[in-house]
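Q: Any chance you could fold what I've pasted below:
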Amino acid sequence: MADKLDRIIGDYVNGRLEARIKSIENRYLYKQKIDNLGIRTAYSGGSEQLSHIIDQEKLESDQELIKLKEQLAILDFWFKPLVPDEKRVIELKYSGYAGLYWYQVMQYLDIEGIDDIGLKKAKTIFYKFRSDIERQLQHCI
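A: Numbering: from 1, shown residues only. Next comes the predicted model:
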């Protein structure tokens with residue numbers, strides 16, 4: 001479960017969670033009609049408006065999309081109010097696909113001039129955030 005949680009938080013921090021939501025929305029809302037050799041196909045039994053409404057209903061009932069939006073809302077609730085230095089620690093730890101090692105996080109913080117956060121404080125920030133999120137996301141992991 002920890003690996004799933006880390007993947008979800010990493011996807012959120014790196015913007016992949018929003019991209020997955022947009023991808024699912026685009027899958028339903030912007031379907032390309034398959035036509036026969038470039039000419040308009042014969043009447044398929046439904047109007048454009050009706051098919052758009054049906055796609056909209058399918059979009060609203062998509063379980064993966066509902067789960068992703070719930071995860072996004074929970075992560076927004078816990079991540080946005082953090083102090084910028086705390087956000088930066090979490091962003092650095094989860095940056096990329098595998099995240100950074102702690103010594104790399106500390107090097108980046110030192111380069112950026114954030115000297116008031118030591119290794120112990122950075123780990124405390126990270127693991128406290130992670131445990132708070134874990135309790136909230138247990139039902140949708």
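Q: list the buried ones in stretch 77-86?
A: Of the residues in stretch 77-86, those buried by neighbour count under the rule 16 or more other CB atoms under 10 Å are Trp78, Phe79, Glu86. (C-beta placed from N, C-alpha, C; glycine too.)
Q: Throw those into CSV and include pLDDT and distance to Ile125, thanks.
A: Converted to CSV, the buried residues of stretch 77-86 look like this (pLDDT from 0 to 100; distance: CB to CB, whole Å):
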residue, pLDDT, distance to Ile125
Trp78, 94, 12
Phe79, 96, 12
Glu86, 95, 5
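Q: Checking Phe129 next. Helix, strand or coil?
A: Reducing the assignment at Phe129 to three states with DSSP: H, G, I helix; E, B strand; the rest coil gives helix.
Q: what helix or strand does the residue lying closest to it once chain neighbours are set aside sit in?
A: Spatial nearest neighbour of Phe129, excluding adjacent residues (CB to CB, 6 or more residues apart in numbering): Ile90 at 5.8 Å. Secondary structure assigned from DSSP states H and E places Ile90 in helix 84-93.
Q: Give me the buried stretch members for that helix, please.
A: Buried residues in helix 84-93, defined by neighbour count with 16+ other CB under 10 Å: Glu86, Lys87, Arg88, Val89, Ile90, Glu91, Leu92, Lys93.
Q: mind listing what's buried in the helix or strand following it?
A: The helix or strand immediately downstream of helix 84-93 is helix 102-111, counting by DSSP H and E. For helix 102-111, the buried set under the neighbour-count rule, 16+ other CB under 10 Å, comprises Val105, Met106, Tyr108, Leu109.
Q: Could you tell me how many residues sit around the nearest residue to Phe77 once chain neighbours are set aside?
A: Closest residue in space to Phe77, ignoring its immediate chain neighbours: Gln136 at 8.0 Å, by CB to CB, 6+ apart. The local packing of Gln136 (other CB atoms under 10 Å) involves 15 other residues.
Q: Good, we can wrap up now.
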